[in-house]
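J.: Sequence plus the predicted model coming up.
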Amino acid sequence: MPHFTPHSLPVLIGSLPLKDHAAAAELIITCTPEIPLWPQLPAFPREGMIRQFLPGFPGVTEKAGKVYIDSGRNGFEEEILAFYEEYLMVTETGADLNGSRFALSEEEARGFFTFLEVAGKHRQQLVALKGQITGPITFCTGVVDQDGRAIFYNDQLRDAAVKMLALKSRWQTRQMRNIADRTLLFFDEPALAGLGSSAFITISTEEIIACFAEVFEAARAEGGLVGVHVCANTEWSVIFDAAVDILSYDAYTYFDKLLLYPDHLRRFLERGGILASGIIPTDEEHIDIESSDSLAARWERQTEQLTQLGFPRETIVAQTLITPSCGTGSISEAHARKVLELTHDVSAIIRARN
């Protein structure tokens, strides 16, 4: 992977409870000036986790407020053929990715374009830019066909979805590279909280890793680093085995679960992997009771546990990002602002002491 040691800089998770993209972008650049990200505002229905990245997929149908893939409708075969033809034109003949169905538009991702404009005015202070996209497992288990069946279980639809996400990842990384030399792209995978449960009994580890391999390769082809964000517990060995560059997790609640994988964690850090430590809580109850000092102390205790397992302290500090445990799109604006401020302040405390 490209060499990058963030030295405990702060970075955010995408969603915010605001209704103004420009205000959101300015708030982000204020709290995380070195590694800002683009805001996703779920107050706008088009910016939901699935819907934001669905445009361009064959067979998209909306009926009675529900969006699904109708692979049985008239003309679907022509739609899927046109999809693959455009995919091949981009990947094999060098057709313009920017003018393709794989580029985000301002209709569904206004925050991305606002973010690029704002970030472009602050190039001197940038260490990197961070983007995000719904991960292939969450996308393919969250999108259903006309029978209500997740498209993950349809080989053709899953393949098309992964290819679409791969090129949207490539496009997003390319756009960010126009502003900053270093980019981070996180794949949001809340569905992986069900890994190991009956909900995933028919999905193999090999299938999950294959999906990740394809989307990771696309972002890396543009020079980006790739991360996976899971906001709950999961079988972390699968994420490690997918050869991710950045592991983003809820360190506030689930740090002890990560310690169950010391060998995976050791190999990950030895190859330069980065821990995005979600030490800032994003539920209102815990936001109310925590401070920057209490959270910095919590991080310190966790770091001490890692050093007791044989991990050098300097490695942990160097290969850590300080983040919220999850996005803030579902909490109050006041609580979200406190989360952003805490992320900034906790990172500053850690860096000042190290």
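T.: Cool, the structure landed. Numbers count the residues shown, from 1 in each chain.

J.: Contact partners for V228?
T.: If a contact means CB atoms under 8 Å, 6 or more residues apart in numbering, then V228 has G135, F186, F187, E189, L192, F212, I239, A242, V244, I246, L247, S248 as its contacts. Heads up, the C-betas are built off the backbone N, CA and C, glycines and all.

J.: Distance from the helix or strand the second one falls within to the middle of the chain?
T.: Using DSSP states H and E, F186 sits in strand 183-188. Per CA atoms, centre = their mean, to the nearest Å, the displacement of strand 183-188 from the mean C-alpha position of its chain is 4 Å.

J.: cool, stretch 158-174 as well?
T.: For stretch 158-174 - counting by CA atoms, centre = their mean - the centre lies 13 Å from the chain centre.

J.: In terms of helices and strands, where is L321?
T.: Following DSSP H and E, one finds L321 within strand 320-324.

J.: how about the CA coordinates for that strand, as PDB?
T.: Output in PDB follows, covering the C-alpha atoms of strand 320-324 (Å, rounded to 0.1, in the frame of the first residue of the first chain):
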ATOM      1  CA  THR A 320      -4.000   5.700  14.000                       C
ATOM      2  CA  LEU A 321      -6.800   8.100  12.800                       C
ATOM      3  CA  ILE A 322      -9.100   9.500  15.500                       C
ATOM      4  CA  THR A 323     -12.800   9.300  14.400                       C
ATOM      5  CA  PRO A 324     -16.300   9.200  15.600                       C
END
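
J.: Show me where this structure has its helices.
T.: With helices called from DSSP state H, the chain shows them at 21-31, 76-92, 110-120, 136-142, 155-177, 205-221, 236-241, 251-258, 262-270, 284-289, 292-308, 313-318, 333-353.

J.: Mean neighbour count, those: which tops it?
T.: Stretch with highest mean neighbour count among those: helix 136-142 (a mean of 24; mean count of other CB atoms under 10 Å).

J.: which helices and strands does that one pack with?
T.: helix 155-177, helix 205-221 (3 or more CB pairs under 8 Å, 6 or more residues apart in numbering; DSSP states H and E).

J.: The longest one versus helix 205-221: what angle between them?
T.: For helix 155-177 against helix 205-221, the angle by axes from the mean of the first three to the mean of the last three CA atoms, to 10 degrees is 30 degrees.

J.: Any idea how far helix 155-177 is from the middle of the chain?
T.: 13 Å.

J.: Mean confidence (pLDDT) on it, please.
T.: Here helix 155-177 scores 98 as its mean pLDDT.

J.: next one: the shortest one
T.: Averaged across helix 205-221, pLDDT comes to 98.

J.: got the angle between that helix and strand 183-188?
T.: 150 degrees.

J.: how about the helices and strands packed on helix 136-142 in a markdown table, adding distance to R298?
T.: Converted to a markdown table, these look like this (distance: least, CB to CB, whole Å):
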| stretch | distance to R298 |
| --- | --- |
| helix 155-177 | 31 |
| helix 205-221 | 30 |
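
J.: closest to Q124 out of those helices?
T.: helix 155-177 (16.6 Å; CB to CB).

J.: Check which helices and strands that closest one sits against.
T.: helix 76-92, helix 110-120, strand 129-134, helix 136-142, strand 183-188, helix 205-221.

J.: where does this structure have low pLDDT?
T.: Low-confidence segments of the chain, defined by pLDDT under 70: 1-2.

J.: Outside of the strand holding F186 itself, list whatever touches it.
T.: Around strand 183-188, the neighbours that count as contacts under CB under 8 Å, 6+ apart are 11, 13-14, 35, 49, 128-136, 138, 169, 172-173, 176-177, 212, 215, 219, 222-229, 246, 248, 276.

J.: repeat that with 7 Å
T.: Around strand 183-188, the neighbours that count as contacts under CB atoms under 7 Å, 6 or more residues apart in numbering are 49, 128-135, 138, 169, 172-173, 176-177, 215, 219, 224-229, 246, 248.

J.: what angle do that strand and strand 320-324 make?
T.: When the same axes, to 10 degrees is applied, the directions of strand 183-188 and strand 320-324 differ by 50 degrees.

J.: Parallel or antiparallel, list what pairs with strand 183-188.
T.: Its sheet considered, strand 183-188 pairs with strand 129-134 (parallel), strand 225-230 (parallel) by DSSP bridges.

J.: Dump those strands to a markdown table, plus distance to I29.
T.: Shown next, in a markdown table, are the strands paired with strand 183-188 (distance: least, CB to CB, whole Å):
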| stretch | distance to I29 |
| --- | --- |
| strand 129-134 | 11 |
| strand 225-230 | 20 |
